[in-house]
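Visitor: okay, sequence plus prediction incoming.
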Amino acid sequence: MAVKARAHRLLLALGLGCAFLAPTSRDRDRLVARATQEAEVVQPTSFSVTVGSFSGSQPEGKVAVITGASAGIGLSTVEGLARSGIYGTIVMAGRDSAKHQEAMESLREKLSRASGALARPVELRFLELDLASLASVRSFEAEFRQLKKPLHTLLLNAGVMALPERQQTADGYEYQFGVNHLGHFLLCNLLLDALHNSGGSSDPSRVIVLSSSAHQFPSKLLKGDLTDLQSFEYAPWTAYGQSKLANLMFAYELDRRLRERGLRVVANAVHPGVVNTELFRHAGGKASGFLNQLTKPVLPYVMKSPADGAKTSVLLATEDLGKLSGRYWQDGRPTASVDFDPASNLPAPAQALLPFPKLTSYDPAVWGELWEESELLVGLRSEDVRCL
Ligand SMILES: NC(=O)c1ccc[n+]([C@@H]2O[C@H](COP(=O)([O-])OP(=O)(O)OC[C@H]3O[C@@H](n4cnc5c(N)ncnc54)[C@H](OP(=O)(O)O)[C@@H]3O)[C@@H](O)[C@H]2O)c1
């Protein structure tokens, strides 16, 4: 596949891609070519609130960037980071400035009530980012660099789940794969040098990727097949599961690449549990509105609160355990992700005759193929990644 991807790049560079590839690939090539074009840089909205007052002009402490912190697990994670006394700046990267403003104000109020107990003042900064637009991701990176801050922790937390109909991002990719995986893939690669430069050999910078136990849902990617990353045969939960598997494989492959290159950054993936958040807004398909109203009263009793759902992310961002790398975490502990061989109990001749596909998240060849395909899809250029 590595060879195929390189050949593909060469064909694209020669403008011959479309002539040699099947019709379904043609759309993809057009999108890939579009992703490689120079993005228009739009000035993202940015504002901040502070909890407590700084003695100097700049907040002290570590700097974190978190996506999807307007609500749910992300917002509770911001609260946990602020309370840890380790972070002086938390950049909340999201698309809805009004929703963030409201969330930040109510968090400021909550934290101010406890400010006597806050070990250090904290700046909460909103910086606009729409993960459904690769141009927005690039604008975010440019704006973040303008802040002239280090970057110790990157939490790739934002997500969408089980959209009832197939939708596309601004760049034409399936929406869940585009937002949950591709946007985060590009963001992390663009910020990797900032992470490396801010990491120490005894305290590396941390990339924390929100995956899900839904990575186990049967999908082509789980069989090592990358031909339907765009979910053209659309099924809402399969597309979600595949995007969460992509999150997981991204964390594993990132860890592998970081180790290979000796970078001062670690990478982990998290399943936060089943958490009572807005993520479930589409869970009942077309009957979601009705079902959500019906189940709302019981959900707090059967699901984790956002504060509990944020605990593993906060642990990885604040404690020594978070210096481990390349693991999949649940309830504060590393755990195994899916690895299932349906033929493993069959005798050898039957295994050869009945080639059941392995369903695994642990195939480094597939991690590598997904990485290379993602590079193509987001138009990542070698000069974009200043340290890999
Ligand atoms: N809740 C669970 O049970 C559960 C289980 C396993 C894994 N997870 C994972 O945990 C993460 C957080 O989920 P949650 O439950 O906290 O969900 P949530 O309450 O729905 O929050 C999702 C966040 O992602 C943001 N987001 C969505 N689309 C975006 C886009 N195009 N650009 C930027 N931000 C965008 C949302 O922003 P807006 O406010 O603008 O919509 C929101 O802040 C997700 O990755 C999810 O897959 C959750």
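Guide: Received the coordinates, thanks.

Visitor: could I get the full set of strands for the stretch 251-388 of the chain?
Guide: Remark: strands assigned in the stretch 251-388 of the chain by DSSP state E, counting those that start in this stretch are 265-271, 328-330, 333-335, 339-340, 359-360.

Visitor: buried deepest among those strands, which one?
Guide: Of all these, strand 265-271 has the most neighbours on average by mean count of other C-beta atoms under 10 Å, namely a mean of 27. For every residue, glycine as well, the C-beta is placed using N, CA and C.

Visitor: not counting its own residues, what contacts that strand?
Guide: Outside strand 265-271, the residues that touch it by C-beta atoms under 8 Å, 6 or more residues apart in numbering are 192, 195-196, 199, 204-213, 247-248, 251-252, 254-255, 258, 312-313, 316, 322-330, 335, 337.

Visitor: picking that back up, in CSV, list the strands of the stretch 251-388 of the chain along with mean pLDDT.
Guide: Below are these laid out as CSV (pLDDT from 0 to 100):
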stretch, mean pLDDT
strand 265-271, 98
strand 328-330, 98
strand 333-335, 98
strand 339-340, 96
strand 359-360, 96
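
Visitor: in a markdown table, list those strands along with distance to the ligand.
Guide: As requested, the strands of the stretch 251-388 of the chain are arranged in a markdown table below (distance: least, C-beta to the nearest ligand atom, whole Å):
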| stretch | distance to the ligand |
| --- | --- |
| strand 265-271 | 6 |
| strand 328-330 | 10 |
| strand 333-335 | 13 |
| strand 339-340 | 19 |
| strand 359-360 | 19 |
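
Visitor: would CSV of these with distance to Tyr301 be doable?
Guide: CSV is the format used below for these (distance: least, C-beta to C-beta, whole Å):
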stretch, distance to Tyr301
strand 265-271, 21
strand 328-330, 21
strand 333-335, 24
strand 339-340, 32
strand 359-360, 33
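
Visitor: thinking again about what came up before, what's the PyMOL line that selects buried ones from the contacts of strand 265-271?
Guide: Applied in PyMOL, the following selects the buried portion of these according to 16 or more other C-beta atoms under 10 Å:
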select buried, resi 192+195+196+199+204+205+206+207+208+209+210+211+212+213+247+248+251+252+254+255+258+312+313+316+322+325+326+327+328+329+330+337
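
Visitor: distance of Gln37 relative to the ligand?
Guide: Going from Gln37 to the ligand by C-beta to the nearest ligand atom, to the nearest Å gives 21 Å.

Visitor: tell me, how many residues neighbour that residue?
Guide: Burial of Gln37 is recorded as 9 neighbouring residues (other C-beta atoms under 10 Å).

Visitor: how close does it get to Thr153?
Guide: Distance from Gln37 to Thr153, counting by C-beta to C-beta, to the nearest Å: 32 Å.

Visitor: distance between stretch 213-222 and the chain's centre?
Guide: In terms of C-alpha atoms, centre = their mean, to the nearest Å, the centre of stretch 213-222 is found 16 Å from the chain centre.

Visitor: list the buried residues of it.
Guide: For stretch 213-222, by 16+ other C-beta under 10 Å, it's Ser213, Ala214, His215, Gln216, Phe217, Ser219, Lys220, Leu221, Leu222.

Visitor: wait, which of those residues is closest to Gln242?
Guide: Comparing the buried residues of stretch 213-222 against Gln242 with C-beta to C-beta places Ser219 closest, at 3.9 Å.

Visitor: three-state assignment of that closest one?
Guide: When classified by DSSP: H, G, I helix; E, B strand; the rest coil, Ser219 comes out as coil.

Visitor: also Ala64?
Guide: Relying on three-state DSSP, one would call Ala64 strand.

Visitor: can you tell me which residues contact the residue in the stretch 101-250 of the chain positioned nearest to the ligand?
Guide: Per C-beta to the nearest ligand atom, Gly159 is where the stretch 101-250 of the chain lies closest to the ligand, at 2.5 Å. Contacts for Gly159 (C-beta under 8 Å, 6+ apart) come out as Gly68, Val179, Asn180, Leu210, Leu279.

Visitor: alright, that wraps it up for me.
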